[in-house]
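*Asks:* coordinates for the following, if possible.
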Amino acid sequence: MAFDPSKKFVRVVALRPNGFVEFDFAVGEPEIFVEMILPATAFDEFCALNNVVFLDRRTQLKIGAGDMDWRLRDAVHERFR
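*Replies:* All right, here's what the predicted structure looks like:
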């Protein structure tokens, strides 16, 4: 499959009590993503502007194996206590 930069993907990771949305954003391939956080209204605008495809929570991303199988958001809560 060819890389298609017009396809954009979002996976919601968490909805914070303060109204922020934590999510993964990918361009072209859902496996290569950045972790982002925006207020809910800005998140909605961002998704509409980018015409994203929403991925559900069952669609897991594997960024590696073993010691590299973690996310940046895990660093505060699990990895570096």
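*Asks:* so who does the residue nearest to I32 when sequence neighbours are not counted touch?
*Replies:* In this structure, I32 finds its nearest non-sequential neighbour in A26, 5.9 Å apart by Cβ to Cβ, 6 or more residues apart in numbering. Using the backbone N, CA and C atoms, a C-beta is placed for each residue, glycine as well. Each residue near A26 by Cβ atoms under 8 Å, 6 or more residues apart in numbering is listed here: K8, F9, V10, I32, F33, V34.
*Asks:* and with 7 Å instead?
*Replies:* By Cβ atoms under 7 Å, 6 or more residues apart in numbering, the contact list for A26 reads K8, F9, I32, F33.
*Asks:* which residues are contacting stretch 6-17?
*Replies:* Against stretch 6-17 from outside (Cβ under 7 Å, 6+ apart): 21-28, 30, 47, 50-55, 59, 73.
*Asks:* which of the residues you listed are buried? Put it as a ChimeraX command.
*Replies:* Buried residues within the contacts of stretch 6-17, by 16 or more other Cβ atoms under 10 Å, are selected in ChimeraX with:
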select :21,22,23,24,25,26,27,30,47,52,55
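*Asks:* pLDDT of the strand or helix carrying E45, averaged?
*Replies:* E45 is part of helix 40-50 when elements are defined by DSSP states H and E. When pLDDT is averaged along helix 40-50, the result is 98.
*Asks:* now do stretch 2-12
*Replies:* Taken as a whole, stretch 2-12 has an average pLDDT of 92.
*Asks:* this protein: helices as residue ranges?
*Replies:* 40-50, 72-74 (DSSP state H).
*Asks:* possible to save those helices as JSON lines with distance to L15?
*Replies:* Converted to JSON lines, the helices of the chain look like this (distance: least, Cβ to Cβ, whole Å):
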{"stretch": "helix 40-50", "distance to L15": "8"}
{"stretch": "helix 72-74", "distance to L15": "14"}
